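1. below: sequence and its predicted model.
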Amino acid sequence: MIEVHELSHTDLKNDIKGVLTLSYTLRYWLIGVTFLVAQFGSVGFAIIFA
């Protein structure tokens, strides 16, 4: 468990920032997917995953 103590605060802040950015990106992506599916049905779904 020595490695944990060697982490600097900067690394920790960057990790938290990365996680927050990722969660926001995923949230907006999911909203976009939901919107497309609502607008175009299965066609929109096919466009996303094609």
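-> Sure thing, it's come through.

2. what segments of this protein are helices?
-> Here the chain has its helices, by DSSP state H, at 2-6, 9-40, 42-49.

3. will you turn those into a markdown table that also has mean neighbour count and mean pLDDT?
-> All C-beta spots, glycine's among them, are computed from the backbone N, C-alpha and C. Listed next are the helices of the chain as a markdown table, based on neighbours: other C-beta atoms under 10 Å; pLDDT from 0 to 100:
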| stretch | mean neighbour count | mean pLDDT |
| --- | --- | --- |
| helix 2-6 | 6 | 55 |
| helix 9-40 | 10 | 87 |
| helix 42-49 | 11 | 70 |
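
4. quick check: Lys13 vs Ser42, distance?
-> For Lys13, the distance to Ser42 equals 43 Å [C-beta to C-beta, to the nearest Å].

5. ok, now Thr25?
-> From Thr25 over to Ser42 the distance is 25 Å, taken as C-beta to C-beta.

6. with Thr21 instead?
-> Separation of Thr21 from Ser42 (C-beta to C-beta): 31 Å.

7. ok, now how distant is Leu36 from Ser42?
-> Note on Leu36: its distance to Ser42, by C-beta to C-beta, is 11 Å.

8. correction: the previous question concerned Phe35.
-> Phe35 is 14 Å from Ser42, by C-beta to C-beta.

9. again, but for Arg27
-> Distance, Arg27 to Ser42, using C-beta to C-beta: 23 Å.

10. now Tyr24
-> To Ser42, Tyr24 is 27 Å away according to C-beta to C-beta.

11. cool, Ile31 as well?
-> Taking C-beta to C-beta, one finds Ile31 at 19 Å from Ser42.

12. next one: Asp11
-> In terms of C-beta to C-beta, Asp11 sits 44 Å off from Ser42.

13. got the CA coordinates for stretch 24-38 in CSV?
-> Only the C-alpha atoms of stretch 24-38 are listed here, as CSV (Å, rounded to 0.1, in the frame of the first residue of the first chain):
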residue,chain,number,x,y,z
TYR,A,24,-20.2,14.2,-18.3
THR,A,25,-19.2,12.9,-21.8
LEU,A,26,-21.1,9.6,-21.3
ARG,A,27,-24.1,11.5,-20.0
TYR,A,28,-24.4,13.8,-23.0
TRP,A,29,-23.7,10.9,-25.3
LEU,A,30,-26.5,8.9,-23.8
ILE,A,31,-28.8,12.0,-24.1
GLY,A,32,-27.8,12.3,-27.7
VAL,A,33,-28.5,8.6,-28.3
THR,A,34,-31.9,8.8,-26.6
PHE,A,35,-32.8,11.9,-28.7
LEU,A,36,-31.8,10.2,-31.9
VAL,A,37,-33.7,7.1,-31.1
ALA,A,38,-36.8,9.2,-30.2
